[in-house]
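> Give me coordinates for this.
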Amino acid sequence: MAETLRELKSRIRSAKKTQQITKTMQMVAASRLKKSESVFKKSQPYHEKMELILSHLMESSQGISHPFFDSREVKTVGLVIVTSDRGLCGGYNANIIARAEAFLKDAGSRNIQLILIGKKGYDYFKTREWPILYKYLDLAGKPDYQRISDITQELIEAYLSRTLDEVNVLYTNFVSALTNKPVLKKFLNLQQEKEGLKSDFIFEPDLEGIIDAFLGRQIASRMYSALLESFTAENASRMVAMKSATDSAKEMIDRLTLKGNKARQAAITKEILEIVTAGEAMKA
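The predicted structure follows:
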């Protein structure tokens, strides 16, 4: 059934309102992306140095017993899944959840405990079979170091108490504004990440004390870097999604405007024909 001119005008008005909303959201996401990308890049040198120091400490700690370095039988695996608290960010959450599902499918008979950061992940997994150990739904995409340190401390306590024997973090790697991908990294046990660097350092006051003082900060730094990168990728995905929605709205407006112009021309042509026909009939 052909649409009337009034219906076409109504659809054009609706499309324009939608375009205004998506354009505004695109600009907000672009602003947040610029800010979060700047913070992420500034934090990387610190994170890289912390990882380098950890590598040297692990190489020098041969023969030292520490809960983070000791081998243990893996009975329970913790999987930290980082998603967003809000939607409208394209395939950002869907890609993470798909990667998580693949990991869980390959887990076999191992006991998996989920640690969910973000409402979208919780909304998805709360009705699934996998048990949820912790959930954090109040970060709202903000890199709050103190809050992230508290989350990290809870994971450390779960590991030390043997509630978890291994912890993996699944987050989104930020490559560029147009490219990001899910990344799965081992968080604990640290022993499984040795790189075999040759180090010849003298530690004061003693290596054990340095390791105890350093590891808590280093693990918090690792989690902070992963979440900050994930939040940056979220803003990039939202900006791209809103730009795509804005462009689609523009295409719809142009298409409906052309259709409306054709309908208006057809109506005018019909009126002219009716006038001419009426005139001819009066002459006859």
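
> which residues does residue 174 contact?
Contacts for residue 174 were tallied using C-beta atoms under 8 Å, 6 or more residues apart in numbering; they are 37, 40, 180, 229-230, 232-233, 236. Where you see a C-beta, it was placed from the backbone N, CA and C, and this is true even at glycine.

> do you know how far it is from residue 44?
For residue 174, the distance to residue 44 equals 11 Å [C-beta to C-beta, to the nearest Å].

> cool, residue 101 as well?
Distance, residue 101 to residue 44, by C-beta to C-beta: 30 Å.

> just for the stretch 51-200 of the chain, where's the confidence low?
For the stretch 51-200 of the chain, residues meeting the criterion pLDDT under 70 lie at 61-64, 108-109, 190-200.

> Tell me which other helices or strands the helix ranked longest in the chain touches.
Longest helix of the chain, by residue count under DSSP state H: helix 207-283. Helix 207-283 makes packing contacts with helix 5-60, strand 76-82, helix 92-106, helix 145-160, strand 166-174, strand 180-188 when contacts are defined by 3 or more C-beta pairs under 8 Å, 6 or more residues apart in numbering; DSSP states H and E.

> Most tightly packed of these?
strand 76-82 (a mean of 24; mean count of other C-beta atoms under 10 Å).

> can you list contacts of that strand?
96-97, 100, 103-104, 107, 110-118, 121, 125, 133, 155, 158-159, 163-172, 187, 226-227, 230.

> rerun that using 7 Å as the cut-off
By C-beta atoms under 7 Å, 6 or more residues apart in numbering, the surrounding residues in contact with strand 76-82 are 96, 100, 103, 110-118, 121, 133, 155, 158, 163-171, 187, 227, 230.

> What of stretch 152-161?
67, 78, 115, 134, 164, 167, 188, 219-220, 223.

> Just the buried subset of those residues, please.
78, 115, 164, 167, 188, 219-220, 223 (16 or more other C-beta atoms under 10 Å).

> of those residues, closest to residue 56?
Set against residue 56, the nearest of the buried ones among the contacts of stretch 152-161 by C-beta to C-beta is residue 219 (16.2 Å).

> pretty sure residue 135 belongs to a strand, no?
Yes - under DSSP: H, G, I helix; E, B strand; the rest coil, residue 135 falls within a strand.

> Identify the residue spatially nearest to it, adjacent ones excluded.
Spatial nearest neighbour of residue 135, chain neighbours left out: residue 116 (4.6 Å); criterion: C-beta to C-beta, 6 or more residues apart in numbering.

> next one: the host helix or strand of the one you found to chain centre, how far?
In the assignment (DSSP states H and E), residue 116 maps to strand 111-117. Counting by C-alpha atoms, centre = their mean, to the nearest Å, strand 111-117 is centred 17 Å from the centre of its parent chain.
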